[in-house]
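K.L.:
Sequence plus predicted model, see below.
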Amino acid sequence: MESKHKKTESTNLLKNSILTIAGLAVLGAGLWALMHYSAPASNLQSYASYQESNNKPEIKKSNPEKSAPQDTQKTAPKTDLGNLIKTATSTPSPRATLPRQALEHIQKGMEFTEKGEFNAGSMEFEKASVISPDSSELYSIWGAALRMAKKFEGANKRFARAHELSPNDSEITFNWAMSQLEGDIPEDAIRLFQKTIDLAPNNLMAYNLLGKSYGRKKMYDQEVSAYKKAIEIEPDFALGHFNLGIVLGIQKKFESAAPHFLKAIELDKQYEKPFVIQMLTALGKYDPAAEKPINQPKPQEPEPVKQAKVDPPKTEGKKEGSGSDHKMEEGSKKVNDTTHVKGTILINGKAPSPNTLVFLETKTKMRVPSQKKGATLTINQSGLNFQPRHSVIQVGTTVTFANHDKEVHNIYSKSLSNQFNLGAMASGSGKSIEFHTAGPIVLRCNMHKDMIGTLFVVPNGHYTQPNAKGEYEFKNVKSEGYIMQVWAPMLSPDEVEANLRSADLTGVDQTIDFDIKSASVPGEIHDMTDPTDYNAIVDNIEREMLQAIEDWKNGKKFISRKRMLMAVTKHFAGEGLKGAIAKSFSSKRSILLERKLDKIRKEISGYGKTEEPVTEASLKSQAEFAVAALRNNVKELEARIQPTTVRD
């Protein structure tokens, strides 16, 4: 009997041991699952941050870290919990060594961190560290949580401890490097990313972020090498191609940058940024009308831009393909650093008016070295006239309209890309506006139909005005590719476009004459009015939002986020509605409308906190409200830029 009792007791003990071990295993697996599935999507960020990094015009950037968008594919997560889970699970079963109480504190710490309660989360991690002082996984998770809180000093201390405990763990080293980069300590980030690569040679994200770290130090050659290595590892790495295009653009190697921008766009349409499209269009590699790259030219179609060709002198002893790495278009070779350009402009066989302009616009859309941001200009309204009546300014100039009359004035413009309405201005008052888009502006007053003036915003490059004989001259212009254009108030938009020239300056002096035929008469002023259909833009925004909500309902998380981003960035901002509202009303109004759209994007993406649960009905309600607000603004906008009330 006693023997039987002992046997039963032994059996029970064995069962209890098995149950205990199984329970710990289930707890560990459950904790891992909680950590894994509760982590927010790794590629999310605030839209304000997104804009700050990508919405800068052209490629005038000294910091490529701010130019590239957040990684949305094959990226190391920037939302830290994604990384800390990966870090915590990268080594073979270390959590079996963690006591249950330590695991509970880690779980609580992560829950607090996810809620944004970073101090409470840090206290839980500290309690876990007392129980398990030698756990590299714990310190790595703790460091990632502090990085989320932007407490980089504390984060780096925890990562340093984790690295001390597991010096050969590439994930811990990678996360520490990210913390140093986000904390703006690029020197340490470079060292740690290089160590990560030593430990994991095929970590393409380590190469990508190593490139960004070099960019912070303006070490552009090393940055290029890092991105090229990432692309070598994964040829279809869209972000790598985009970042490489950016840094090559900074180095003014635009022809080299173009293929990488095109590849990035081919792989992911989110890289179809306005400044990229502008550069590719200038290089003749993108068709903005068709909204797609130009793969092969079609010789049978007439080209809108005429080529001003000059045969360079023949050189002996040079083989084809030798010389400068930077080739000019159509195979021409640079023989001098500067070029002298001159010519004569005739309109209907006569010298043009003194208000005529001729300019060489850089194909890169960037400023020439001698060009500075224009000074401010004041245009007075005096004697029911604009004084001066005709003005020329550079891109980026601020113009103040000052009313010196006793009458009330309402100055407005319907001109392409520069439409605005300053509203009623009493005697003695004035209003200012900054012009960022090149082109002619016809100034009018809604109160006085006979008041008319012109303001020409010249693009980046060189400009001059012809003399009384129609002769013009550019001295010592840098030898590179330009678009050459003549503008006069009497020329219609079609006549201006028909007389464009593409001038590839190679150092050989050129004479380029213009003999323009015009159906207008001297003194006539043509307005390049804005043809934008703003209601169509709102239709595009509405369609993208409703489809995004439908995709979100069906669990298509990535495409729903992308659609909402398209609604905000491509349609609202990129197609000009945001800028038109800002110019005609105020920047504050356009920003508030943008925030309405971005709120929907954040809720669809699961970013941030919401007071009420996010549902299909709540998203559709917000979308309807946002669309109604946009349509009201468009109605008011159209009334402003196309005023009908005229008073003598």
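P.N.:
Great, that's in hand.
K.L.:
How about residues contacting stretch 533-542?
P.N.:
Here stretch 533-542 makes contact (C-beta atoms under 8 Å, 6 or more residues apart in numbering) with 567, 571-572, 575-577, 580, 597, 623, 626-627, 630-631, 634, 637-638. C-beta here means a position set from N, CA and C on the backbone, and glycine is covered the same way.
K.L.:
Hmm, residue 238 and residue 268 touching each other?
P.N.:
Yes - the pair residue 268 / residue 238 is scored as a contact, 4.2 Å apart, by C-beta atoms under 8 Å.
K.L.:
Among these two, which residue is more densely surrounded?
P.N.:
With neighbours defined as other C-beta atoms under 10 Å, residue 268 and residue 238 compare such that residue 238 has more, 23 against 18.
K.L.:
Leaving out the residues flanking it, which one is nearest to the more buried one?
P.N.:
Distance criterion C-beta to C-beta, 6 or more residues apart in numbering; nearest residue to residue 238, sequence neighbours excluded, is residue 267 at 3.8 Å.
K.L.:
Ramachandran angles for that neighbour?
P.N.:
Backbone torsions for residue 267, taken as degrees, to the nearest 10, come to phi -80, psi -30.
K.L.:
for the record, mean pLDDT for the lengthiest strand in the chain?
P.N.:
Longest strand of the chain, by residue count under DSSP state E: strand 338-347. For strand 338-347, the mean per-residue pLDDT is 93.
K.L.:
Report the mean confidence score over the helix or strand encompassing residue 113.
P.N.:
Using DSSP states H and E, residue 113 sits within helix 100-114. In this model, helix 100-114 has a mean pLDDT of 86.
K.L.:
Kindly report the same for stretch 485-505.
P.N.:
The average pLDDT within stretch 485-505 is 85.
K.L.:
follow-up on the earlier one: among the contacts of stretch 533-542, find me the one that's closest to residue 388.
P.N.:
Residue 388 lies nearest to residue 580 out of the contacts of stretch 533-542, by C-beta to C-beta, at 26.7 Å.
K.L.:
For burial, what's the neighbour tally of the nearest residue to residue 154 once chain neighbours are set aside?
P.N.:
Leaving aside its sequence neighbours, residue 154 sits nearest to residue 146 (C-beta to C-beta, 6+ apart; 4.5 Å). As a burial measure, residue 146 scores 25 neighbours (other C-beta under 10 Å).
K.L.:
ok, residue 146 - contacts?
P.N.:
118, 122, 152, 154-155, 158.
K.L.:
circling back: buried subset of the contacts of stretch 533-542?
P.N.:
567, 571-572, 575-577, 580, 597, 623, 626-627, 630, 634, 637 (16 or more other C-beta atoms under 10 Å).
K.L.:
where does the stretch 251-400 of the chain dip in pLDDT?
P.N.:
In the predicted model, the stretch 251-400 of the chain carries pLDDT under 70 at residues 287-292, 294-334, 365, 373-374.
K.L.:
how about the strands in it?
P.N.:
Listed in chain order, the strands of the stretch 251-400 of the chain (DSSP state E, counting those that start in this stretch) span 286-287, 292-293, 306-307, 338-347, 357-362, 377-382, 385-387, 390-394, 398-403.
K.L.:
thinking again about what came up before, possible to save the contacts of residue 146 as TSV with secondary structure and pLDDT?
P.N.:
Shown next, in TSV, are the contacts of residue 146 (DSSP: H, G, I helix; E, B strand; the rest coil; pLDDT from 0 to 100):
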residue	secondary structure	pLDDT
118	helix	85
122	helix	88
152	helix	87
154	helix	88
155	helix	88
158	helix	90
